[in-house]
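Novice: Quick one: sequence plus predicted model below, questions after.
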Amino acid sequence: MNHPSTQGGAQDAQATFERETAPLINALEAILQSREVTRAKWGKIKGSVLPRMPELMAKFGADSDAADELSEMVSIGLYMLANHCLQTGQDLVVAEEALATASKLTTSDAGAARIQEAMDHLASKRNQSTCFFCGTEPADPTCARSIYMCGDIVKEYGRVDFKRISVAAARCAKCKGHESMVKRAGLTVWGAGLLIGIGVGWNMGGEGPLGATVIGFLAGFLCYNFISIFCRPVHMKDEDDHPEVKRLKNAGWQLGYRPR
């Protein structure tokens, strides 16, 4: 059974804590509930809330339970700000900065886990909002690239069973346009090689048409692959570099619409 004097001391300490921290916590809540844009809210928190924390924590003692409680309360407020950014998909830079600060302030395992989950969500948001292939331009939802993969491949009795999935890779209009241009150029060269082979073979007569057509087809195919590989920008990532593709390949999946 707790001694009355001990209970009274705890109540006095809690009352003191609430009285000392009320101005800062009320200011934080007012900022979070205001109708200002998140960037303005974050600016006010950095300018008027966070700078007041060291003095308050010094009053309670840097290693005290009261200081830990204050840090956790502010950390939760920053998490709420970042979570709003993630839900709206706007001001992801603010979300990143707020979460980085919140992770330094949190004093509980639950708080650390909550912030880590938000950071993972932020990473996913960034992948969706930025072109995967160039890594600089904003992604255009209408230009997303589908990367087909096959897995759980079973070959028996002359038949092949497998599963197929499509990995959506965020892409900008510029990268889509470049890829389409390279593909058109490659197909044009391939078609030209085939037509030249047919023309040469026709003039040769005899068994010449078939051989010349095959040579023309192969020459066009090689030129098509050369253009596709060597005419892509140096900075453009390959589909093999996509995180989800890497994960699936490590699990035994293959790139392509059908198993090789």
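Specialist: Noted; the coordinates are in hand.
Novice: how about stretch 115-135: buried residues?
Specialist: Buried positions in stretch 115-135, judged by neighbour count with 16 or more other Cβ atoms under 10 Å: 115, 118-119, 121-122, 125, 127, 130-134. C-beta: built from backbone N, CA, C; applies to glycine.
Novice: Repeat that for stretch 146-161.
Specialist: For stretch 146-161, by 16+ other Cβ under 10 Å, it's 147, 149-150.
Novice: Touching it from outside, list them.
Specialist: Residues from elsewhere that reach stretch 146-161 (Cβ atoms under 8 Å, 6 or more residues apart in numbering): 162-169, 239, 242, 245, 248-249, 251-259.
Novice: same thing but at 6 Å, please
Specialist: For stretch 146-161, contacts defined as Cβ atoms under 6 Å, 6 or more residues apart in numbering pick out 162-167, 169, 239, 245, 248, 253-255, 257, 259.
Novice: Can you flag which of these belong to helices?
Specialist: Among those, the members falling in helices (DSSP state H) are 245, 248.
Novice: Flag the shaky bits of this structure, pLDDT-wise.
Specialist: 1-10, 12-13, 127, 190, 193-194, 197-213, 216, 220, 224-235 (pLDDT under 70).
Novice: can you give me the helices for it?
Specialist: Using DSSP H, helices in the chain cover 4-33, 38-44, 53-60, 65-88, 92-105, 109-129, 173-204, 208-230, 243-250.
Novice: Any idea which of the ones you listed gets closest to residue 143?
Specialist: Residue 143 sits nearest to helix 173-204 of all the helices of the chain, at 4.1 Å, using Cβ to Cβ.
Novice: Report the contact partners of residue 173.
Specialist: By Cβ under 6 Å, 6+ apart, the neighbours of residue 173 are 140, 143.
Novice: go on, residue 134?
Specialist: 175, 236.
Novice: So what does it look like in phi/psi?
Specialist: Backbone geometry at residue 134, expressed as degrees, to the nearest 10, gives phi -100, psi -30.
Novice: From residue 144, how far off is it?
Specialist: Note on residue 134: its distance to residue 144, by Cβ to Cβ, to the nearest Å, is 14 Å.
Novice: Could you do residue 57 as well?
Specialist: For residue 57, the distance to residue 144 - Cβ to Cβ - is 47 Å.
Novice: Name the residue in the two with the higher neighbour count.
Specialist: Shown here are residue 57 and residue 144; by other Cβ atoms under 10 Å, residue 57 has more neighbours (18 against 15).
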